[in-house]
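A.B. asks: Sequence and computational prediction follow.
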Amino acid sequence: MPGRSSQISIDSLNRLIITDIFRDTLRVSRKKPRGKSGKAEKGRRGKASYEAAVTDTAGKKRLRKIVLDGVWSMTSEHDLKLRVSGSKSPYSGKTLILRGDVERVSGTALVFRVRQCDAVSGIRSRTIELKGMWRADRNNRITFNAARARGRHDVLRFQGAWQVDKHNEFIYRYSKTVLKTKTRVDRILIFKGYWEFGKDHIVYRLARAGNSFFRFKAALQSRSLRAADGTIKYQIGIKYSKGKVRHRIKQTLTIYGKWKLGRDFDVGFEVEYAGNRRREIRFLAEKLVGQDGTVAVSLKSENGQRLGLEVSFSRAFKNDAELFLSLGRFAAGGEIRAIGGIHVRF
């Protein structure tokens, strides 16, 4: 096995690289490295490949590299797990646990700070980055799909409940034991992105990553909203496991924003995120019904799907004063008129 001074990294195929600096010969295979150029040999999938020994200026240290393939997953403690495959690897059939912390996330990557690996002695603290995309599974848990060769993906499931913070951003909170102090600490992962709404689902699309998004099964808490409240609420259920214990929770997801009703009867819901980022969700108005100083708008998504959602706008909205006057002229006397294909009744 590698000696006391070892480093790890990840290659472009999300394979684990163990680089060992040592004084004595590293016994990882009966097959000796070929060549004297110092270049790494090309190894087949699932097999260890080696780098020829390189002597430093002191003439004492040498460098070798092992490339390990297998299946990635995540433990209940949020550590990385690699089940190694490949018949000629000295690690074949073994499971390596990389202990540490998920340091940060992006739309295309999971960045992990490795602090310890039981199977690799003398490992140095190192940050590694797995490439892939984010998804939600059928139980509304978040997952990271690590990209592998030939279009495959290894699924890393996060066993816990996620939340939405006061900035409307998607966060995942977990706790784990610090190796040195043996105390529990909280970790928070913040996913930058924006929300999209549907009739029976809600989507959080990660910023700068067209293929990474969470699509959750959800139900509208109320199908009749007041624009003055400035919210949309969904009921969401999440199932996850911790050890042998299964958990099932229901939570209310509240997105805060500003409802807008344009003069052309277009409807928008502007959501503000951290850093003064703003994004407006656009809707189509199916019909407008005016009564007692309010206008109730039935909404469809931009692609024409009926949402079963109605928003009521009040005359108290200063920006809507001219709109209400316009509606009054079009629908005077209680008659029904079609305005731009939208039925209006006062």
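C.D. replies: Good, I have the coordinates.
A.B. asks: Please enumerate the helices of the stretch 201-346 of the chain.
C.D. replies: With DSSP state H, counting those that start in this stretch, the ranges of helices along the stretch 201-346 of the chain come out as 321-330.
A.B. asks: can you list the weak-confidence ranges in it?
C.D. replies: The stretch 201-346 of the chain contains residues with pLDDT under 70 at 290-292, 315-346.
A.B. asks: if we go to 50?
C.D. replies: Applying pLDDT under 50 to the stretch 201-346 of the chain flags the ranges 317-318, 320-322, 324-346.
A.B. asks: Compute the distance between the nearest residue to H167 once chain neighbours are set aside and R15, please.
C.D. replies: Nearest residue to H167, sequence neighbours excluded (C-beta to C-beta, 6 or more residues apart in numbering): A274, at 4.0 Å. Placement of C-beta: from N, CA and C, glycine included. Using C-beta to C-beta, to the nearest Å, one gets 35 Å for the distance from A274 to R15.
A.B. asks: which one of these two has more residues nearby?
C.D. replies: Each of A274 and R15 has its neighbours counted (other C-beta atoms under 10 Å); R15 has more, 20 against 12.
A.B. asks: Look up phi and psi at that one.
C.D. replies: Main-chain dihedrals, R15, degrees, to the nearest 10: phi -90, psi 150.
A.B. asks: doesn't K65 make contact with it?
C.D. replies: No - contact criterion C-beta atoms under 8 Å: R15 and K65 do not qualify, at 11.2 Å.
A.B. asks: Show me where the stretch 1-150 of the chain has its strands.
C.D. replies: 5-10, 16-22, 62-74, 80-85, 95-105, 109-117, 126-136, 142-147 (DSSP state E, counting those that start in this stretch).
A.B. asks: would you list those in TSV and tack on distance to K258?
C.D. replies: Formatted as TSV, those follow (distance: least, C-beta to C-beta, whole Å):
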stretch	distance to K258
strand 5-10	43
strand 16-22	48
strand 62-74	38
strand 80-85	41
strand 95-105	28
strand 109-117	33
strand 126-136	27
strand 142-147	28
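A.B. asks: Mean pLDDT for those strands - can I get that in JSON lines?
C.D. replies: Below are the strands of the stretch 1-150 of the chain laid out as JSON lines (pLDDT from 0 to 100):
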{"stretch": "strand 5-10", "mean pLDDT": "85"}
{"stretch": "strand 16-22", "mean pLDDT": "80"}
{"stretch": "strand 62-74", "mean pLDDT": "88"}
{"stretch": "strand 80-85", "mean pLDDT": "94"}
{"stretch": "strand 95-105", "mean pLDDT": "94"}
{"stretch": "strand 109-117", "mean pLDDT": "93"}
{"stretch": "strand 126-136", "mean pLDDT": "96"}
{"stretch": "strand 142-147", "mean pLDDT": "97"}
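A.B. asks: right, and those strands - which one's nearest N211?
C.D. replies: strand 126-136 (4.7 Å; C-beta to C-beta).
A.B. asks: partner strands of the closest one, parallel or antiparallel?
C.D. replies: strand 109-117 (antiparallel), strand 142-147 (antiparallel) (DSSP bridges).
A.B. asks: Looking at these, which one is packed in the most?
C.D. replies: strand 142-147 (a mean of 21; mean count of other C-beta atoms under 10 Å).
A.B. asks: Now do the residue nearest the centre of the chain against L189, distance only.
C.D. replies: Nearest to the geometric centre of the chain sits W134, at 4.5 Å (C-alpha atoms, centre = their mean). Going from W134 to L189 by C-beta to C-beta gives 11 Å.
A.B. asks: Enumerate every residue touching E103.
C.D. replies: The contact partners of E103, by C-beta atoms under 8 Å, 6 or more residues apart in numbering, come to V111, F112, R113, T127.
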